[in-house]
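1. Have a look at this fold, sequence not included:
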């Protein structure tokens, strides 16, 4: 599953943090293996939460808190 931000219908939702499910601990560097808690765009220290409303909106949604902002990501199934 790939998570993508900036999806219009998700941006319009009022969402609430549920449980913290992760935190970015390292940034991806080219020619390294991608690992858990690693990101290409998010800064180290960004906290990742599930959304209380995920089951009500028809798909998985993650909320990321970073630099005083809340970024909404929706899961897109591949394959």
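-> Nice, thanks for sending it over. As the structure is a prediction and not an experimental result, all values here were calculated from the model. Residues are numbered from 1 along each chain as shown.

2. what about residue 55, neighbour count?
-> 10 (other C-beta atoms under 10 Å). Backbone N, C-alpha and C define where each C-beta goes, glycine included.

3. Residue 19 now?
-> Count around residue 19 with other C-beta under 10 Å applied: 9.

4. in which helix or strand would I find the residue lying closest to it once chain neighbours are set aside?
-> In space, and not counting its chain neighbours, residue 19 is closest to residue 50: 5.4 Å by C-beta to C-beta, 6 or more residues apart in numbering. Here residue 50 sits within strand 47-51, counting by DSSP states H and E.

5. Report the buried residues of that strand.
-> 48-51 (16 or more other C-beta atoms under 10 Å).

6. what helices or strands is that strand leaning on?
-> strand 17-23, strand 61-66 (3 or more C-beta pairs under 8 Å, 6 or more residues apart in numbering; DSSP states H and E).

7. Please identify the most buried of the ones you listed.
-> strand 61-66 (a mean of 20; mean count of other C-beta atoms under 10 Å).
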